[in-house]
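Student: sequence first, predicted model second:
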Amino acid sequence: MNTPTIAPQHKRRLQAHFGLSKLPFRKNMAAAEMFDSRSQRQLHAGLLMWTELRGIALVTGHSGVGKSITLRRFLAALDDARFHVIKLAHLPTTPVGLLRSLCRALQMPMRHYASDLFDATQAHLAAYQNDHGPHPLIVLDDAEGLGAPALDLLRRLTAYDLDAEDHFSILLSATDDILATLHHHGLEPLRSRIGYAQPLRPFSLEDTRNYIHFHLRGANAEQDLMSDPAIRHVFQASRGRPRHINQLCLYILIRAAVDGLSSIDGDFVAAQIAAHPLYQNPQEG
């Protein structure tokens, strides 16, 4: 579930109704301006420490829990002089497609045969730090779509010079669906090479409260715009997932503006959630 898109004229009407300086609960924020929960801070700190060890790392969590946002903050904090980030815009699911995407990202000549693609990519990554300075860091977001052959390819790419050292690092970020794939009997060598793995947890009630207040304060909203019982209903319906919190809060603000309300209480939020077609089966997902 994505944050709803609102036309510019409707954004202005929504802002004017509540006296907001900007639209809250946006996802297109600079990394330094983002709210982070305790779990996000722990993950961020853990990843920064992992970069000193290098190798392969795995981040897991439900869809909408904030993995991509946390990765944006983590990558923004890296020293460009020490790390060269290679992030694929679209993640192919086949080994050959993955190799071709890596070749394009590394600005390498494309080879026709898969074996030539593999050898050239592996040699390029192994020599990159020695030739250019920064340590290559391959970031694969939404990696739950990778099947066992593509994941094993990543492991084989790292198996260079008899595993003498980590010439480049790989960071996999995925929903929990990837765990079933990683337990494929042929991926034990990859599992044994994942040096750091951490799940990202949903927000607690306190995180959710702070998150909503953070966004409302940033938009110069009235302090009592959304009551604490209203926030509790949002937390329960969203199960603490930031993307769902954004979606619900914007929906509730729109409904409140349509009804001419200047403040939002728990009964109103409960009624809006009960009527929302995507939240009528809270046990699912």
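Tutor: Everything's here; your move. Residues are numbered from 1 along each chain as shown.
Student: okay, CA-based contacts and neighbour counts for the rest of this
Tutor: Fine.
Student: wait, a strand at Gly260?
Tutor: No - Gly260 is assigned coil when assessed by DSSP: H, G, I helix; E, B strand; the rest coil, not a strand.
Student: give me phi/psi at it?
Tutor: phi 70, psi 20 (degrees, to the nearest 10).
Student: where's it relative to Tyr196, distance?
Tutor: Noted for Gly260: a distance of 51 Å to Tyr196, by C-alpha to C-alpha, to the nearest Å.
Student: who's more crowded, these two?
Tutor: Tyr196 (18 against 11; other C-alpha atoms under 10 Å).
Student: just say helix, strand or coil for that one.
Tutor: At Tyr196 the chain is in strand, as set by three-state DSSP.
Student: bridged to the closest residue to it other than its chain neighbours, which residues?
Tutor: Closest residue to Tyr196 apart from its sequence neighbours, by C-alpha to C-alpha, 6 or more residues apart in numbering: Ala57 at 4.7 Å. Beta bridges link Ala57 to Leu171, Tyr196, judged by DSSP bridges.
Student: repeat that for His135.
Tutor: Beta-bridge partners, per DSSP bridges, of His135: Phe83.
Student: and it, what does it touch?
Tutor: 82-84, 128-129, 167-169 (C-alpha atoms under 8 Å, 6 or more residues apart in numbering).
Student: quick one: it from Leu125, how far?
Tutor: Distance of His135 to Leu125, computed by C-alpha to C-alpha: 9 Å.
Student: cool, Ser37 as well?
Tutor: In terms of C-alpha to C-alpha, Ser37 sits 34 Å off from Leu125.
Student: Ile231 now?
Tutor: 48 Å.
Student: hmm, back to that, anything in contact with each of His135 and Leu125?
Tutor: Shared contacts of His135 and Leu125, defined by C-alpha under 8 Å, 6+ apart, are found at 167-168.
Student: surely Ser63 meets Pro199?
Tutor: No - here Ser63 does not reach Pro199: they are 11.9 Å apart, not a contact under C-alpha atoms under 8 Å.
Student: look up phi and psi at the closest residue in space to Asp141 that isn't next to it in sequence.
Tutor: Counting by C-alpha to C-alpha, 6+ apart, Asp141 lies nearest to Ser173, which is 4.7 Å off, once chain neighbours are set aside. For Ser173, the backbone dihedrals are phi -120, psi 130 (criterion: degrees, to the nearest 10).
Student: any idea of the pLDDT on Ser173?
Tutor: We have a pLDDT of 96 for Ser173.
Student: picking up where we left off before, ok, the residue nearest to Tyr196 to Gly133 distance?
Tutor: In terms of C-alpha to C-alpha, Ala57 sits 22 Å off from Gly133.
Student: neighbour-wise, which of the two wins?
Tutor: Regarding Ala57 and Gly133, a neighbour count based on other C-alpha under 10 Å identifies Ala57 as having more, with 20 against 13.
Student: what sits against that one?
Tutor: Ala57 sits next to 50, 170-172, 194-197 when contact means C-alpha under 8 Å, 6+ apart.
Student: need the max-distance pair from these.
Tutor: Using C-alpha to C-alpha, the two most remote members of the contacts of Ala57 are Trp50 and Leu172, lying 12.9 Å apart.
Student: neighbours of Gly195, how many?
Tutor: Using other C-alpha under 10 Å, Gly195 is surrounded by 13 other residues.
Student: quick check: the residue nearest to Tyr196 vs Lys87, distance?
Tutor: Taken as C-alpha to C-alpha, the span from Ala57 to Lys87 is 15 Å.
Student: ok, now Asp116?
Tutor: To Lys87, Asp116 is 22 Å away according to C-alpha to C-alpha.
Student: neighbour count winner among the two?
Tutor: Under the criterion of other C-alpha under 10 Å, the comparison of Asp116 against Lys87 puts Lys87 first, with 16 against 12.
Student: wait, that one touches Leu140, no?
Tutor: Yes - assessed by C-alpha under 8 Å, Lys87 is found in contact with Leu140 at 6.4 Å.
Student: mind checking which helix or strand Gln107 is in?
Tutor: Gln107 belongs to no helix or strand when elements are defined using DSSP states H and E.
Student: again but with His90, I slipped
Tutor: Here His90 is assigned to no helix or strand, by DSSP H and E.
Student: before we move on, what about Glu52?
Tutor: Per DSSP H and E, Glu52 falls inside helix 38-53.
Student: CA atoms only for that helix, dumped as PDB, please.
Tutor: Output in PDB follows, covering the C-alpha atoms of helix 38-53 (Å, rounded to 0.1, in the frame of the first residue of the first chain):
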ATOM      1  CA  ARG A  38      14.700   2.900  17.900                       C
ATOM      2  CA  SER A  39      14.700  -0.100  15.600                       C
ATOM      3  CA  GLN A  40      15.800   2.100  12.700                       C
ATOM      4  CA  ARG A  41      18.600   3.600  14.800                       C
ATOM      5  CA  GLN A  42      19.800   0.200  15.900                       C
ATOM      6  CA  LEU A  43      19.800  -1.000  12.300                       C
ATOM      7  CA  HIS A  44      21.600   2.100  11.100                       C
ATOM      8  CA  ALA A  45      24.300   1.800  13.700                       C
ATOM      9  CA  GLY A  46      24.700  -1.900  13.000                       C
ATOM     10  CA  LEU A  47      25.100  -1.400   9.300                       C
ATOM     11  CA  LEU A  48      27.800   1.300   9.900                       C
ATOM     12  CA  MET A  49      29.700  -1.200  12.100                       C
ATOM     13  CA  TRP A  50      29.300  -3.900   9.500                       C
ATOM     14  CA  THR A  51      30.900  -1.800   6.800                       C
ATOM     15  CA  GLU A  52      34.100  -2.000   8.800                       C
ATOM     16  CA  LEU A  53      33.900  -5.800   8.700                       C
END
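Student: much appreciated, bye for now.
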